[in-house]
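Enquirer: Coordinates for the following, if possible.
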Amino acid sequence: MILRKNTDCIVIHCAATKPSMDIGADEIRKWHKEERGFDDIGYHYVIKRNGEYEIGRPLAFQGAHAVAVNGRSIGVCLIGGLSEDNQPENNFTLEQFLTLKDVIEIIKKQYHHIKEIIGHCDVEARKPHCPGFNVQEWLNKENITCG
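Expert: Residues are numbered from 1 along each chain as shown. Next up is the predicted model:
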């Protein structure tokens, strides 16, 4: 793994899992290592359906979650994002959104130079539905700012 030299971005993701899949960082780590050949889970934080968050990849290291910005970002993944029939769906729980807000604040306190918070779809054209909701609208609604 490579140490991240600059941290000025947070990228929000979904796991592209159905609401019935109550998984966490261990399962995603297994997928990333066994199916994608990563050296570890790609995300730094994983937010489970019940709102509990787990640390994935150690924060000091470059992520493997958004190629265009891996070298300067922290990746946060919410479990969910697909309907039971595999269609994109904003099916995240209130607890997940409350924890997402808390995790963003935790990151901003540790990394004072955060300039942007974006969805994966904002930097990856082949992921148009990730994270499953409009990040900028949600940030505005929650009055979350950068800098």
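
Enquirer: Report the separation between Thr145 and Gln136.
Expert: Per CB to CB, to the nearest Å, Thr145 is found 11 Å from Gln136. Where you see a C-beta, it was placed from the backbone N, CA and C, and this is true even at glycine.

Enquirer: Of these two, which one has the most company?
Expert: Gln136 (13 against 10; other CB atoms under 10 Å).

Enquirer: Tell me the secondary structure of the more buried one, please.
Expert: helix (DSSP: H, G, I helix; E, B strand; the rest coil).

Enquirer: repeat for Ile118
Expert: Taking three-state DSSP, the label given to Ile118 is strand.

Enquirer: Test my guess that Ile41 contacts Ile55.
Expert: No - between Ile41 and Ile55 no contact is recorded; they are 9.4 Å apart, counting by CB atoms under 8 Å.

Enquirer: Residues that sit against both of those two, list them.
Expert: Ala25 (CB atoms under 8 Å, 6 or more residues apart in numbering).

Enquirer: Same drill for these two, tell me which one is more crowded.
Expert: The residue with more neighbours, out of Ile41 and Ile55, is Ile41; 25 against 12, by other CB under 10 Å.

Enquirer: Contacts only, for Asp22.
Expert: Contacts of Asp22 by CB under 8 Å, 6+ apart are 48-50, 79.

Enquirer: how far away is it from Lys141?
Expert: 26 Å.

Enquirer: do Lys127 as well
Expert: Lys127 is 23 Å from Lys141, by CB to CB.

Enquirer: if you count what's nearby, which of these two comes out ahead?
Expert: Lys127 (16 against 10).
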